[in-house]
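A.B. asks: Quick one: sequence and predicted model below, then my questions.
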Amino acid sequence: MNQNSKELATLDIALTKAYIELAKFIVVSDVDWDMVQQKLKELKELQDIKAVWEMVRKSPPKPKKLFDALVKKDIIGLFNSLTPLPKRHTDLIEALETYRQIATQRLIKSHIAKIFRV
């Protein structure tokens, strides 16, 4: 037994829980789909908006699938396979990064202006 065995076991459990929760979040998300459907129904009744959404409830991946990805050392592949509409997801991530860069540039310009009183 290693003197850090207890800490390593605790860390292993924490990381395993985080791994499972992340996989679940990617698939299920934290959206309250019942509320979304209710709101869309209300808007339709008010004839305020017409929305056609593909809302498919998915189950989190099975533990075997998670374990197999660990064994194969393909966690990134697993997470990518869980992402709904991968092309749209990639486009949104790229757009988010662009906006973050713009915000960072504005922040830097703002700080420079304050420093040099431009």
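C.D. replies: On my side now, so go ahead.

A.B. asks: what's the weakest-modelled helix or strand in the chain?
C.D. replies: Least confident helix or strand, the chain: helix 33-46 with a mean of 80, by mean pLDDT, DSSP states H and E.

A.B. asks: Could you check how far that one is from the centre of its chain?
C.D. replies: Put simply, helix 33-46 sits 24 Å off its chain's centre (C-alpha atoms, centre = their mean, to the nearest Å).

A.B. asks: now do stretch 79-94
C.D. replies: The chain centroid and the centroid of stretch 79-94 are separated by 10 Å under C-alpha atoms, centre = their mean.

A.B. asks: and if you look at stretch 16-28?
C.D. replies: Its chain's average C-alpha position is 9 Å from that of stretch 16-28, according to C-alpha atoms, centre = their mean.

A.B. asks: next one: stretch 26-33
C.D. replies: On C-alpha atoms, centre = their mean, the centre of stretch 26-33 falls 9 Å from that of its chain.

A.B. asks: distance of the residue nearest to the spatial centre of the chain from Asn80?
C.D. replies: With distances taken as C-alpha atoms, centre = their mean, the residue of the chain nearest its centroid is Ile26 (5.2 Å). Between Ile26 and Asn80 the distance is 9 Å, computed by C-beta to C-beta, to the nearest Å. Heads up, the C-betas are built off the backbone N, CA and C, glycines and all.

A.B. asks: moving C-terminal of the least confident helix or strand of the chain, what's the next helix or strand?
C.D. replies: helix 63-71 (DSSP states H and E).

A.B. asks: residues of that next one that come out buried?
C.D. replies: Neighbour counts over helix 63-71 (16 or more other C-beta atoms under 10 Å) mark Leu66, Ala69 as buried.

A.B. asks: quick one: contacts of it?
C.D. replies: Residues from elsewhere that reach helix 63-71 (C-beta atoms under 8 Å, 6 or more residues apart in numbering): Tyr19, Ile20, Ala23, Ile75, Gly77, Leu78.
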